[in-house]
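Undergrad: any chance you can model this:
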Amino acid sequence: MLEDTPHSIALGTSIGMAIGLTPTVGIQMILVMCTAWLTHKLFHFNRVAALITVYISNPITVVPIYYFLYWIGHLLVGGDVQREQFARLLEYDGFQGWWDAITGLFVDIGAPLTLGTCIVAPIGGLVTYPLMRRMLNSFHRFRPNRNPSSQTAETDSDS
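TA: As a prediction, the model looks like this:
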């Protein structure tokens, strides 16, 4: 339903996916806006699509996603945190608890988690772009075009 080009929406979704697959819950929306600001002269992406997509990591999915990131990194640099211990690291209450959880993530399991993130997040973003672009192109093919500038272009080409 976003009014933008398929490229811009797919790129926003891709950027949101890459950011959503990082251990930065709580600041992911800020990271999207900072990315938009830093890259605005280079390229445009749909910020709303990116902001929606970062919610791939939410209270229900954060433990499985972070543990997967840790597990991928663990394959390369080692580590011995079990899933149950990992889930306990992510239990917090309030800002101080959140800060302690983030600090614990980087101190206790930082190397494998960071390495796993550096591998999984870019791959997730790269895979998301073509899938979303294909889906959007298919969707636009079967849906009447509601973009006024496109309708004007169609009218001009019919003349």
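
Undergrad: what's the local residue count around the closest residue to H44 other than its chain neighbours?
TA: Closest residue to H44 in three dimensions, ignoring its sequence neighbours and counting by Cβ to Cβ, 6 or more residues apart in numbering: S8, at 5.8 Å. C-beta coordinates here come from the backbone N, C-alpha and C atoms, glycine included. When neighbours are counted by other Cβ atoms under 10 Å, S8 registers 17.

Undergrad: quick check: which element contains S8?
TA: Secondary-structure element containing S8, defined by DSSP states H and E: helix 6-20.

Undergrad: against which helices or strands is that helix packed?
TA: Packed against helix 6-20 by the contact rule (3 or more Cβ pairs under 8 Å, 6 or more residues apart in numbering; DSSP states H and E) you find helix 28-39, helix 47-53, helix 94-142.

Undergrad: which of these sits most buried?
TA: The highest mean neighbour count among the helices and strands packed on helix 6-20, using mean count of other Cβ atoms under 10 Å, belongs to helix 47-53: a mean of 21.

Undergrad: average pLDDT for the helix holding S8?
TA: Along helix 6-20, the predicted local confidence has a mean pLDDT of 95.

Undergrad: got the CA coordinates for it in PDB?
TA: Taking only C-alpha atoms (Å, rounded to 0.1, in the frame of the first residue of the first chain), the coordinates of helix 6-20 have been written out as PDB:
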ATOM      1  CA  PRO A   6       9.000  -1.000  -6.300                       C
ATOM      2  CA  HIS A   7      12.700  -0.400  -6.200                       C
ATOM      3  CA  SER A   8      12.500   2.100  -3.300                       C
ATOM      4  CA  ILE A   9      10.100  -0.100  -1.300                       C
ATOM      5  CA  ALA A  10      12.200  -3.200  -1.900                       C
ATOM      6  CA  LEU A  11      15.400  -1.300  -0.900                       C
ATOM      7  CA  GLY A  12      13.700   0.000   2.200                       C
ATOM      8  CA  THR A  13      12.600  -3.500   3.100                       C
ATOM      9  CA  SER A  14      16.100  -4.800   2.500                       C
ATOM     10  CA  ILE A  15      17.700  -2.200   4.700                       C
ATOM     11  CA  GLY A  16      15.100  -2.700   7.400                       C
ATOM     12  CA  MET A  17      15.800  -6.500   7.300                       C
ATOM     13  CA  ALA A  18      19.600  -6.000   7.600                       C
ATOM     14  CA  ILE A  19      19.100  -3.700  10.600                       C
ATOM     15  CA  GLY A  20      16.400  -5.900  12.100                       C
END
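
Undergrad: that's all I had, so thanks and see you.
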